[in-house]
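Participant: turn this into a structure:
(one chain, ligands or ions: 1)
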Amino acid sequence: MRVDVLTIFPDYLAALDLSLVGKARRTGILDLRVHDLRDWATDRHRTVDDTPFGGGAGMVMKPDVWGRALDDVLGTPGDPAGDPAGGTDGAADGAADGAAGVRAGAAHLVVPTPSGEVFTQRHAEALAREEHVVVACGRYEGIDARVAERARAAGHRVSELSIGDYVLNGGEVAALVMIEAFGRLLPGVVGNPHSLVEESHGAAGLLEYPVYTKPPSWEGHDVPEVLLSGHHARIERWRRDQALVRTAARRPDMVASLDVADLDRADLTV
Ligand code: 6GU
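Facilitator: Numbers count the residues shown, from 1 in each chain. Sure thing, here's the model as predicted:
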């Protein structure tokens, strides 16, 4: 999978050299490239922002700078993963299937923004299936709205995504969150694929049960008996109960959206 990140703070993304995502880059599972947006500015101050039309506080990121950057990085379906260094400039040989239609093979543009849809495991799963994702990190009051509009018109899927109901200074930290969330879903990144099956926000629609390791007794706190029993059916039942209780206490919204068909009789027995 190819991922390009555009940002005015490339150093923020240095953390993606570490851990499982770093290993995925070294083994070639993930071709991740970070670009400095200012490379597409044209004035000697390398300006990327300007004052907002309609007035108000703060600055807005300029569409022309973003437009040039995206032309180089998004590529076109005939010319996927347009090489930023190569600069094959916008000779759109892949025919668009309808003005507003998503073109097959076109890169998926992700724009982290607090005014986006809330990013979930479902978004991570969908992005992990893409061949090419471009993440456009905004700063200041955001990116001129025509940038996303133009990318959609050119046939790119565009997802404006928030990582939660709070405000960060820019999209970089949210980009880290999203890239880690979908990066670990790429085949071969998490060593034991079973680790992906039982986790929180997985198919069960529940938070994960509490986990324990040795020693069985630590500073007066004991591991629940059942986990030491070797009785697999009882352990499974206990874990399911714990997941249900935990989800009900911490995430009543998730309980409300559980499908009754996915519950078994024992889930309803007090
Ligand atoms: Cl994606 N960006 C910013 N700036 N703030 C956020 C966010 C994104 N998600 C939550 N808060």
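
Participant: switch to C-alpha atoms for all contacts and neighbour counts from now on
Facilitator: Fine.

Participant: would you map the helices across this protein?
Facilitator: Along the chain, counting by DSSP state H, helices occupy 19-26, 63-74, 121-128, 146-153, 172-183, 232-250, 252-256.

Participant: the ligand contacts on the chain?
Facilitator: Within the chain, the residues that sit near the ligand (Cα under 6 Å from any ligand atom) are 112-114, 161-171, 174.

Participant: will you turn the helices of the chain into TSV that also has mean neighbour count and distance to Y140?
Facilitator: Output for the helices of the chain, formatted as TSV (neighbours: other Cα atoms under 10 Å; distance: least, Cα to Cα, whole Å):
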stretch	mean neighbour count	distance to Y140
helix 19-26	18	28
helix 63-74	21	14
helix 121-128	16	25
helix 146-153	17	15
helix 172-183	21	12
helix 232-250	15	34
helix 252-256	13	32
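
Participant: please name whichever of these is nearest to I8.
Facilitator: Closest to I8 of the helices of the chain, according to Cα to Cα: helix 172-183, at 9.2 Å.

Participant: going through the residues of the chain next to the ligand, which ones are buried?
Facilitator: Those of the residues of the chain next to the ligand that meet the buried threshold are P112, T113, P114, L161, S162, I163, G164, G170, G171, A174, by 16 or more other Cα atoms under 10 Å.

Participant: the fourth one touches L109, doesn't it?
Facilitator: No. Taking contacts as Cα atoms under 8 Å, L161 lies outside contact range of L109: 10.5 Å.

Participant: so which of the helices of the chain comes closest to D267?
Facilitator: That would be, of these and by Cα to Cα, helix 232-250, which comes in at 7.0 Å.

Participant: helices and strands around that closest one, which ones?
Facilitator: If you count contacts as 3 or more Cα pairs under 8 Å, 6 or more residues apart in numbering; DSSP states H and E, helix 232-250 packs onto helix 252-256.

Participant: with that, I have no additional questions.
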